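Student: dropping a prediction and its sequence here:
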Amino acid sequence: MTRLNEAPPEEALAALLACCGSARWAERVAAHRPYPDTAALLAAADEAAYDLAPGDVAEALADEYPAGPHPEAPHGPHVLMALAAAQDAYEEKFGHTFVICLDGYRPDEQLDQILSDIRLRLAHEPDHEREVAAEQLRGVARGRLRQLAAGRAEPYPPPGGLSGAPEPAGAVAPVTPVNHAESDR
């Protein structure tokens, strides 16, 4: 917590943007520093998240990357292809990356939860899904903020890397599509 509280404004903003890609959210959370504890940080983050306009939520969703199985979760190339196809269908329908908060799920449960949630949420109407995605985004940001407050760095950075970014909620790694022609040799 000390690192976030004492960081220069531009560093604090960068760290917060790695938690949630909305500039408005990050600026509001950064403006209320210093925080006495993690609970106060999370309360401020929730307040800022609930005040986001649809464009701010869209900005944050555009900054997310697809959830994949935890590195310790059992999975094969066919499962990864199914996951990539489901994520593509979701993105095609809703125009943004599928976001899910996996806090509270064991690594071996995460892949099933991701696939189950994608199937369920593909049936949503766009307006309803925007609400669900915003709520999931808040959960992901809270998990990342807890990591940031605890001083833990991210072991699985998103594509392009975000130095000093907190670990994604559930420690998921980005999905890497598998080329069956090469993997079946």
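Tutor: Ah, there it is.
Student: element containing the residue nearest the centre of the chain, please.
Tutor: Nearest to the mean C-alpha position of the chain, counting by C-alpha atoms, centre = their mean, stands V140 at 4.6 Å. Under the criterion of DSSP states H and E, V140 resides in helix 126-150.
Student: residues making contact with that helix?
Tutor: With contacts defined as C-beta atoms under 8 Å, 6 or more residues apart in numbering, helix 126-150 is touched by 1, 4, 15-16, 18-20, 25, 38, 41-42, 45-46, 49-50, 52, 54, 57, 60-61, 64, 93-94, 96, 99-101, 103, 121, 124, 154, 165-170. Using the backbone N, CA and C atoms, a C-beta is placed for each residue, glycine as well.
Student: try it again with 7 Å
Tutor: Helix 126-150 is contacted from outside by 1, 4, 15, 19-20, 38, 41-42, 45-46, 49, 57, 60-61, 94, 96, 99-101, 103, 121, 124, 166-169, using C-beta atoms under 7 Å, 6 or more residues apart in numbering.
Student: now, of those residues, which are buried?
Tutor: 1, 4, 15, 19-20, 38, 41-42, 45, 49, 57, 60-61, 94, 96, 99-101, 121, 124, 166-169 (16 or more other C-beta atoms under 10 Å).
Student: quick one, helices of the protein?
Tutor: Taking DSSP state H as the criterion, the chain carries its helices at 2-6, 9-17, 23-31, 38-50, 54-62, 77-94, 107-122, 126-150, 180-183.
Student: and those helices: which comes nearest G68?
Tutor: helix 77-94 (6.7 Å; C-beta to C-beta).
Student: tell me which other helices or strands that closest one touches.
Tutor: Here helix 77-94 touches helix 107-122, going by 3 or more C-beta pairs under 7 Å, 6 or more residues apart in numbering; DSSP states H and E.
Student: pLDDT score for P174?
Tutor: What the model reports for P174 is a pLDDT of 37.
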